[in-house]
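Asks: Pasting the sequence and the predicted coordinates here, then a few questions.
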Amino acid sequence: MISKVAGALRALRRTAGRSALPRTVPGHLRGWAAAALLAVIALVAAVSTGLEDARQGLRLVGEDAGPQVVHTGHLYFALSDMDAQLAGLLLIGAEHDLGAGRDRAQERYRARRGEAHRALLQAYEIAGTDRASRRTVRDVLNGLGRYEQLASRALLLNDQSGHPAGPPPQNVLGVYRRATDLMRQDILPKAYNLTLENASVVRRAYVDERSHVLRSRVAVGVTALVLLAVLAGLQVYLAYRFRRLLSPALAAATALTLVLGGWALLVLGSTSSHLRMAKEEGFDPTLAFTRARAISNTAAADQTRFLLDPRRADTYAQVYFDTSQAIAYRESGNLADYYRRLAEAPPELGFLGGVPQGSEVLIRYRAFQEQDERMRGLVRRGDEREAIALRTGLMTETFTAYDQELSRLVAHRNADFEREVAAGAAALDGWNRGLPAAGIVLAALIVLGVWPRLAEYR
Amino acid sequence: MTTSMPGRLLSLLLATVLLLSLAVACGADRSPGVEGRKVLRIGVKYDQPGIGLRSHGSFLGFDVDVASYVAERLGAERVEFVGLTSGQREEFLIGRKVDLVVASYSITPLRKTLVNFAGPYYVAHQDIMVRGGERDILGPRDLAGRKLCKSEGSNSWKRVVEELGIEAELVDAATYGECVQLLLDGGLDAVTTDDLILAGFALRRPGAFRMVNARFTDEKYGIGLRKDDVSGCEAVNRAVTRMYQDGTAARLLAKWFGPTGLKTTTTVPQFEGCG
């Protein structure tokens, strides 16, 4: 690289030594002025490109992809809760007033279905021209249609059987298994992957943007330095040729260059740091809590399924354990071990990894796990009825309290995100008119500095 | 001399600009990840029939086919397979002996602290394999008091004995291959591990074994990448999504496990998320 530059330099000297550069004084003056004007154009272009890049990055991260992550998070939650409500309805059977009651569960099922359909329409719009994502949304929509058919059939058979609270007859369970397998193995993964795909769009935009802004800052710095050097060179030449110590117009141009370059560097730096804050303090935690909320809901539903389907109870218990570990990891061999260790210290890893000991979300998550322990204990002792009453009653409230705290955290971090994006955008305001004006003033000052000297040769 | 002064000054300026712009260009794009590599080295199992098995110098199995598909999607022109054991997976990745690991590699919270997981590309389920004539074992609870294989370095037996608290009689073996031989010889009543692994062994002796189809755990098979390659991990996820959307996943599952009667899932699994 060094040798390349040296080679270029030698070539340049050779041409300079011959006659590519003008030999007369007015010629020199014009040459200097042209170089200075070119440098002004380069500086203005560098600043303008940098600002446009920064604006685009903020738009992509802040207005498009960022909010989409929150929308698809809602989609997952609504779908997962549909299956949870269905499991609850089948579990209470003909005992319509058990726990929170049949009416509320039905109402919630319908509300979630509506939310899911709305979120899907939104997700389709969001997917835009991304073919894989559009296909995923279509698959989810088709899957949901099939799911709703199975769910209505399971509910109908359940009503016909009139069974007391507890596992329903085999024909009901058979249909429910198909429904829940469709939901958990086919529909929910796709919804979750959509969230992740949108998050990856945000991350890529962010990484690109950071490197663009860095490059723009270097470009602004270099062009400003070049302009300063040309202006200094011109001053020296005027002093040498015309015995003038300082041209006021060129001095003003130098000062303006310093202000413009310095200000642009500051603004680009500040936008970049707002973008970093938006990503790291706003977006990343929003995404983590959104995902925690999504899989926590499936964990709660797995508690109901554990009571609903004795043949698969071990599977649901094991999946519940794995999911709990993904939410808040404590090294443990089984659930009994996990409850104990979770009570001892805050989780090291997982979505809640690193939350402080006294935090509200951890307190509520622990309460949720304590009742899980109680529920499974009741089942082990053969008191299934009490376990069902607990799950459909008090545990629903405990889970809702935990879920509300997660929602609050999502909203809180999302507000941080939006605030940082807005602050970044605000820093860019006013440059649309200011920049061309500064460029014109700079050019005028340079012309003003050279014109009187050129006039001496007329 | 008067002509060369402005000339020198200008050339100095130009040289500075050239130097600085070269420095910026060099610092910009250096991708350390798996995207856009011409040759990808991928770690696979070499001793698991149906999944990753070395035979006459080449590798065969479901994982190997998945790895080839993903590598092609990533734009690689050639794949070099490297056989590895379960214990070598992190070491080979971190030590840059391989770029990707596709080796029935279960995603766990602890492993996630060491490597990046794309996928899962498949969610296997722990299952139980018994001799063809065995009729009494229908689920994990029926393993109480029965002879169960405890393969070295695997924690499948723990899922039964510790997580579910079922008191099976454990019989030590070095590998699952040995477990399967013991089961055949009558030294064992059951082998439990991931259904894909069991199906691979069952394929070699049609009729000798029966799968219980208990599916009592979720084992998420991920594709391991180096921790810093988040962008590569996302690209692999897109490749896996595509593998399911274009029907390749269903075809590969049928190719490798269809003959065993194993119930496979042919829709895309829920990803773990990169980074």
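Replies: That came through, no problem.
Asks: From here on, just use CA atoms for contacts and neighbour counts.
Replies: Will do.
Asks: What parts of the stretch 151-275 of chain B come near chain A?
Replies: Within the stretch 151-275 of chain B, the positions near chain A by C-alpha under 8 Å from any C-alpha of the partner chain are B:162-164, B:215-218, B:231, B:234, B:241-242, B:265, B:267-271, B:273.
Asks: Let's see that with 10 Å instead.
Replies: B:158-160, B:162-165, B:214-219, B:230-231, B:233-235, B:237-238, B:241-242, B:245, B:265-274 (C-alpha under 10 Å from any C-alpha of the partner chain).
Asks: Any chance of a PyMOL selection covering the buried ones in the residues you listed?
Replies: Applying 16 or more other C-alpha atoms under 10 Å in any protein chain shown to these, the buried members can be selected in PyMOL as follows:
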select buried, chain B and resi 159+160+163+164+214+215+216+217+218+219+230+231+233+234+235+237+238+241+242+245+266+267+268+269+270+271+272+273+274
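Asks: Show only the entries of the residues of the stretch 151-275 of chain B next to chain A found in helices.
Replies: B:K158, B:V230, B:S231, B:C233, B:E234, B:A235, B:N237, B:R238, B:T241, B:R242, B:Q245 (DSSP state H).
Asks: wait, is A:E397 part of a helix?
Replies: Yes: assigned with DSSP: H, G, I helix; E, B strand; the rest coil, A:E397 falls within a helix.
Asks: Just the closest of the ones in helices among the residues of the stretch 151-275 of chain B next to chain A to B:E152, please.
Replies: Comparing those against B:E152 with C-alpha to C-alpha picks out B:K158 as the nearest, at 11.6 Å.
Asks: Let me see the contact set for the closest one.
Replies: A:G333, A:N334, B:K150, B:L164, B:G165, B:I166 (C-alpha atoms under 10 Å, 6 or more residues apart in numbering or on different chains).
Asks: any idea how far chain B is from the second one?
Replies: Plainly put, A:N334 is 5 Å away from chain B if you go by C-alpha to the nearest C-alpha, to the nearest Å.
Asks: Am I right that B:G33 is in contact with B:V236?
Replies: No: the criterion here is C-alpha atoms under 10 Å, and B:G33 misses it with B:V236 at 11.1 Å.
Asks: So the two - more neighbours on which side?
Replies: B:V236 (28 against 18; other C-alpha atoms under 10 Å in any protein chain shown).
Asks: returning to what we had before: turn the contacts of B:K158 into JSON lines, columns for pLDDT and distance to B:A71.
Replies: Formatted as JSON lines, the contacts of B:K158 follow (pLDDT from 0 to 100; distance: C-alpha to C-alpha, whole Å):
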{"residue": "A:G333", "pLDDT": "85", "distance to B:A71": "36"}
{"residue": "A:N334", "pLDDT": "89", "distance to B:A71": "37"}
{"residue": "B:K150", "pLDDT": "92", "distance to B:A71": "35"}
{"residue": "B:L164", "pLDDT": "85", "distance to B:A71": "39"}
{"residue": "B:G165", "pLDDT": "87", "distance to B:A71": "42"}
{"residue": "B:I166", "pLDDT": "91", "distance to B:A71": "42"}
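Asks: Taking the residues you listed together, which two end up most distant?
Replies: Greatest spacing in these, by C-alpha to C-alpha: A:N334 and B:K150 (18.1 Å).
Asks: Looking at those two, which is more packed in?
Replies: A count of neighbours by other C-alpha under 10 Å puts B:K150 above the other of A:N334 and B:K150, at 23 against 18.
Asks: which residues touch that one?
Replies: B:K150 makes contact with B:156-158, B:169-176, B:179, B:191-193, according to C-alpha under 10 Å, 6+ apart.
Asks: any chance you could map the strands in the stretch 151-300 of chain A?
Replies: Per DSSP state E, counting those that start in this stretch, the stretch 151-300 of chain A carries no strands over any range.
Asks: Quick check: chain neighbours aside, which residue is closest to the residue in chain B that chain A sits nearest to?
Replies: Of all residues in chain B, B:Q270 sits closest to chain A, at 3.8 Å by C-alpha to the nearest C-alpha. Nearest non-adjacent residue to B:Q270, counting by C-alpha to C-alpha, 6 or more residues apart in numbering or on different chains: A:P189, 3.8 Å away.
Asks: same deal with A:V361?
Replies: Per C-alpha to C-alpha, 6+ apart, closest to A:V361 is A:E405, 5.9 Å.
Asks: how near is that neighbour to A:F399?
Replies: Per C-alpha to C-alpha, to the nearest Å, A:E405 is found 10 Å from A:F399.
Asks: joint contacts of those two?
Replies: Among the neighbours of A:E405, those also in contact with A:F399 (C-alpha under 10 Å, 6+ apart) are A:R364, A:Y365.
Asks: what secondary structure does A:G333 sit in?
Replies: coil.
Asks: ok, it - how many residues close by?
Replies: Per other C-alpha under 10 Å, the neighbour tally for A:G333 reads 14.
Asks: If I follow the layout properly, it ends up in contact with A:R340?
Replies: No: A:G333 is beyond contact range of A:R340, at 11.2 Å (criterion: C-alpha under 10 Å).
Asks: Make a PyMOL selection of the buried ones in the contacts of B:K150.
Replies: Remark: buried members of the contacts of B:K150, expressed as a PyMOL selection using 16+ other C-alpha under 10 Å:
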select buried, chain B and resi 156+157+169+170+173+176+179+191+192+193
